[in-house]
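# just a sequence and a predicted model for now, questions to come.
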Amino acid sequence: MKDKEGHFGCSLQELRSLMELRGEESCAMIKEQYGDVNGLCSLLRTSPVNGLDGTVEDINRRQQEYGQNILPPQKPKTFLQLVWKALNDVTLIILQVAAIISLALSFYSPPSADRQHCGKAAAAWWRTVRRRLDGSKSRIDQEQKFTVVRAGHVIQILVSEIVVGDIAQVKYGDLLPTDGVLIQGNDLKIDESSLTGESDHVKKSVDNDPMLLSGTHVMEGSGKMLVSAVGVNSQTGIIFALLAAGEEDDSDDAGEEDGKQKKEQVDNKGQNDDDVVMDMRSLNEDGQPEKKKNLSTKTKSVLQLKLNKLTMQIGKAGLLMSSLTVLILITRFLIDTFWVQCVPWSSNCMPIYVQFLVKFLIIGVTVLVVAVPEGLPLAVTISLAYSVKKMMRDNNLVRHLDACETMGNATAICSDKTGTLTMNRMTVVQVFVTGHYYKGLPRLKDIPASAMDLLTTGIGVNCAYTSKILAPEKDGGLPSQIGNKTECALLGFSLKLDQHYQAIRKKIPEESLFKVYTFNSERKSMSTVLYNPDGSYRMFSKGASEILLLKCCMILAPSGEAIPFRTRKRKEMMKQVIEPMASQGLRTICLAYKDFPAADGEPNWEDEGDILSNLTCIAVVGIEDPVRPEVPEAIRKCQQAGITVRMVTGDNISTARAIACKCGILNTGEDFLCMDGKEFNRLIRNSQGEIEQGLIDNIWPNLRVLARSSPTDKYNLVKGIIDSTVLEKRQVVAVTGDGTNDGPALKKADVGFAMGIAGTDVAKEASDIILTDDNFSSIVQAVKWGRNVYDSISKFLQFQLTVNVVAVIVAFTGACITQDSPLKAVQMLWVNLIMDTFASLALATEQPTDALLLRKPYGRDKPLISHTMMKNIVGHAIYQLAVIFTLIYHGEILLNIASGRNAPLHAPPSVHYTIVFNTFVLMQIFNEINARKIHGERNVFEGILKNTIFCVILLGTLLAQILIVQFGGSPFSCVALNWQQWLICACLGLGSLLWGQVVSSIPSCGCRKVIKPVTRAKK
């Protein structure tokens, strides 16, 4: 069975397919295909005893055939790439074009013309470059060495030099650098939590489960393994390939070439990899357009998409108004000059005509700049940056800014169980002892002294001495569990009874134990024999309750004495204790003992059947990984906020269902789905074994628990929900997780949450937000801040667009009627660049409230400008336009001042237009208070004093306006006003607050037909 090149008898594809199997399936495959592990060694041309010969030619040939044990690092983006990406903002592009035109006009100086008033300074524009936090990619340390057998010698080599076919020695404490098949093992137990997320140690043996996976830790025992997969072909490498696939959209041309190479590496891994390669093909090869669409939804958040649509609409409207303004100004100038005044054409007047043309173009650019909300990118950045800083206090470390506001629109959370919803600490939660069933833990006084002694001594000596509980590393923390999780649960139970197991172990050291029957799959129990000074023996046993109870003939009574344990009593106990515990997802452990009197002589310790019989039951305990206390309330708040929480775990379905019920994911009377990974895969694939979106759509809306899931199961579920069109609204999916297995799903999701304490580096690198306290309830805070960001941007938009609508209409009508804009260019710069910048900071610093969780997510399709917001914008614009136009065309009569209309080309500033400018700005300042509320609330002053930044900015803007008007002079086209004129301006500004109450009384539904074509983007 050689491949086409004749090097080895087992191809890369076959090995990848083999390493996807677990447990008995893997044993059956090895037996069917190779006979045994030795047969696989023969095909790979290696010796299970002497290993490889270690020649350079052989090593190079294996690296070429099966790859190197290296995970290629991801190419980082350059600073210029990040700058270019930031400059691609639509608003900035419009402003850059306007700035270039304005700058070009300012350099033009016609002959014999006074250059002082021929141009205006180019508008300053803001450049925002988002900082990117560089997480360290989790990969096997290339300087680490590992023990292998080559040419019959045990040597240590760099992990990067390990190749397929090497015979590696594994021992307690090792981090496995490759995938492998166990050849020989001695009580080998592996911690696979970094891959599967489950805390239980997995027993490995040649006959039952010989598969060893890279990135897992050896917790007990030792052994030898045949290296079967290295680098990108190992299980860790496959996960990294999935992570890399999710980032191809962010690359430039060179990066896209690298992405193609990575994709080719994935594709070349084989056709027979039914679980991973097929999933990856279905995820990455649906066609280029579909892939681009899906990936773009990850890079662009809900708010970004809506802002881009809105900015494009505003930009088009502004360009139209700007072009129309220039056209009307030129047309009116030509008609007035050459038709009305009958001025003959003269080349000598050309400099004057050019000056007017430049003036008209500048007015047109001014209208365009005024129309574009140039403060919007800054407002978004300020709001996100402020929220990110505050979220740190709520234990949310945000790695990507847009994830903050995306979380506010989340509609679904797919959460890992172990370490996320639960504490990842096996704990005794229910006890049956001395005839009493305690739904919690018994008190010390509830248990007779004799029974307490048997219970605590049995726990102390019949748990591995390597299992122990360590004190918390910091105040308020939880004790650390070292060793077997089940044994740590029993030791913790002993400590809660105020019986310290260490005192027992000091009294009975490990070397004094007479005999130990270690736990194995046949016994399903562990027993320890003690030798007493009087020549008798006492054996303590613990194991699965359904097995050990059958071997008990006595049980402790309420008095602490042993009484007969008959069949009827055993059946009652199974029905009233064991079954209720199991139905709640508890792992039941029976604790028992047996005395061997000295008079009976020394037993035959090899006759286990006789030794492990006629036991006396001490207690039965129910053990579980308890739900975090704060999780049920957090999930209830998520559901109240319109967010569906789903559990995706590697644990068995019974435990997963029980935990889901305790968390509140499943509630009584609800008809939701709970299934395991095998059933899920069967239902989502067609007859050809390919994943179909339609089949996923039949499952995910009602799915609440997915148990025994693989990394690709979670990935397929998340992708299926995101790509689904079965619901009217596109789902915004958040994923939580702490293990390496969660990496692909974290990367694919709209928002990925990683655990900061228990999370692996892979999970953190793939995530958008890191929960620094590993607390699911912190997600609720993230939702609040996300929705607060969305509302903050909406508040600023309401304020900004009111300013822009009024300014554009005033500039347009004024220019068309009087051939000049009542608001000068420099005044527009103050209104738009300075005051709106401060306003963005003021309105972006509102604190979130619990009321944000009482509404459903906005969703991707809902307009950014709501009916209420449009009503406020139009309503306040009407008031401001009425005031401004009254002042422009009747102000000289009402205020008894000289008119500023139809002023000559270089006329000095007038009191008339200074009052217009001052009133306009004061109305915006007071309207900024109105903008604090966007849902129709009447009390716009509620909580205003709690926002110090808002108050300081409001007063600072007012002070700056006073200085500009009184001392700005010609540069700001202003004349100092007297106190009576200031009083008039202030009263008109305060009128915005009173008018706001009138606008609030108007039903929002009346604006529905008006705003729909304006705010909804074309689908």
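Arrived safely.
# now stretch 898-911: buried residues?
By neighbour count with 16 or more other Cβ atoms under 10 Å, stretch 898-911 contains the buried residues S899, G900, R901, A903, P909, S910, V911. Where C-beta positions appear, they are placed from N, C-alpha and C, glycine not excepted.
# just send the residues you listed back as JSON lines, with secondary structure, distance to V826 and pLDDT too.
Supplementary listing: these in JSON lines, determined by DSSP: H, G, I helix; E, B strand; the rest coil; distance: Cβ to Cβ, whole Å; pLDDT from 0 to 100:
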{"residue": "S899", "secondary structure": "coil", "distance to V826": "22", "pLDDT": "84"}
{"residue": "G900", "secondary structure": "coil", "distance to V826": "16", "pLDDT": "79"}
{"residue": "R901", "secondary structure": "coil", "distance to V826": "19", "pLDDT": "77"}
{"residue": "A903", "secondary structure": "coil", "distance to V826": "16", "pLDDT": "69"}
{"residue": "P909", "secondary structure": "coil", "distance to V826": "11", "pLDDT": "85"}
{"residue": "S910", "secondary structure": "coil", "distance to V826": "15", "pLDDT": "87"}
{"residue": "V911", "secondary structure": "helix", "distance to V826": "18", "pLDDT": "90"}
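# closest one of these to L175?
Sorting the buried residues of stretch 898-911 by distance to L175 puts P909 at the head of the list, at 75.7 Å, by Cβ to Cβ.
# just send the buried residues of stretch 898-911 back as JSON lines, with distance to P533 too.
Output for the buried residues of stretch 898-911, formatted as JSON lines (distance: Cβ to Cβ, whole Å):
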{"residue": "S899", "distance to P533": "118"}
{"residue": "G900", "distance to P533": "113"}
{"residue": "R901", "distance to P533": "116"}
{"residue": "A903", "distance to P533": "116"}
{"residue": "P909", "distance to P533": "110"}
{"residue": "S910", "distance to P533": "113"}
{"residue": "V911", "distance to P533": "112"}
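# which among those residues gets closest to A379?
In terms of Cβ to Cβ, no member of the buried residues of stretch 898-911 lies closer to A379 than P909, at 31.0 Å.
# the spatially most central residue of the chain: what's it in contact with?
To find the centre residue of the chain, average its C-alpha atoms and take the closest one (Cα atoms, centre = their mean): that gives G752, at 2.0 Å. By Cβ atoms under 8 Å, 6 or more residues apart in numbering, the contact list for G752 reads A403, A734, V735, T736, G737, A745, L746, A766, S767, D768, I769.
# one more: G989?
Residues touching G989, when contacts are defined by Cβ under 8 Å, 6+ apart, comprise T919, L922, M923, I925, F926.
# and it, helix, strand or coil?
G989 falls in the helix class when you classify it by DSSP: H, G, I helix; E, B strand; the rest coil.
# pLDDT of the strand or helix carrying V780, averaged?
Mapping V780 onto the secondary structure by DSSP states H and E places it in helix 778-818. Per-residue pLDDT values over helix 778-818 give a mean of 83.
# low-confidence bits of the stretch 351-500 of the chain, can you list those?
Residues of the stretch 351-500 of the chain that meet the criterion pLDDT under 70 lie in 374-375, 475-477.
# rewinding a little: dump the contacts of G752 to CSV, plus secondary structure and neighbour count.
Putting those into CSV (DSSP: H, G, I helix; E, B strand; the rest coil; neighbours: other Cβ atoms under 10 Å) gives the following:
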residue, secondary structure, neighbour count
A403, helix, 24
A734, strand, 30
V735, strand, 31
T736, strand, 30
G737, strand, 33
A745, helix, 30
L746, helix, 32
A766, helix, 32
S767, coil, 31
D768, coil, 26
I769, strand, 28
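# of these, closest to T325?
With Cβ to Cβ as the yardstick, the closest approach to T325 among the contacts of G752 comes from A403, at 41.1 Å.
# contacting residues for the closest residue to the closest one other than its chain neighbours?
What sits nearest to A403 in space, not counting adjacent residues and going by Cβ to Cβ, 6 or more residues apart in numbering, is D768, at 3.5 Å. Neighbouring residues of D768 by Cβ under 8 Å, 6+ apart: V398, R399, H400, A403, T406, L746, V751, G752, F753.
# which stretches of the stretch 851-1000 of the chain have low pLDDT?
Under the criterion of pLDDT under 70, the regions of the stretch 851-1000 of the chain flagged as low confidence span 859-861, 903-906.
# which residues in it form helices?
For the stretch 851-1000 of the chain, helices defined by DSSP state H, counting those that start in this stretch occupy the ranges 867-894, 911-930, 948-967, 979-1000.
# deepest-packed of these, please.
For these, ranked by mean neighbour count under the definition mean count of other Cβ atoms under 10 Å, the leader is helix 911-930 at a mean of 24.
# turn the contacts of G989 into a markdown table, columns for distance to L797.
Below are those laid out as a markdown table (distance: Cβ to Cβ, whole Å):
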| residue | distance to L797 |
| --- | --- |
| T919 | 23 |
| L922 | 21 |
| M923 | 18 |
| I925 | 18 |
| F926 | 18 |
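# so where do the strands sit in the stretch 301-450 of the chain?
In chain order, the stretch 301-450 of the chain shows strands spanning 396-398, 412-415, 427-433, 436-438, with DSSP state E, counting those that start in this stretch as the criterion.
# quick one: which of those strands is nearest V648?
When those are compared by Cβ to Cβ, strand 412-415 sits nearest V648, at 5.2 Å.
# can you show me the CA trace of that closest one as CSV?
Output for strand 412-415, consisting of C-alpha atoms alone and laid out as CSV, is shown next (Å, rounded to 0.1, in the frame of the first residue of the first chain):
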residue,chain,number,x,y,z
ALA,A,412,-27.8,35.6,19.5
ILE,A,413,-25.0,34.4,21.8
CYS,A,414,-23.5,30.9,21.3
SER,A,415,-21.7,30.2,24.6
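# and it, what does it pack against?
For strand 412-415, the helices and strands in contact under the criterion 3 or more Cβ pairs under 8 Å, 6 or more residues apart in numbering; DSSP states H and E are strand 644-648, helix 711-723, strand 733-737.
# run the last query once more with 6 Å
Using 3 or more Cβ pairs under 6 Å, 6 or more residues apart in numbering; DSSP states H and E as the contact criterion, the elements in contact with strand 412-415 are strand 644-648, strand 733-737.
# and the first one, what does it pack onto?
Applying 3+ Cβ pairs under 6 Å, 6+ apart, we find strand 644-648 packed against strand 412-415, strand 703-707.
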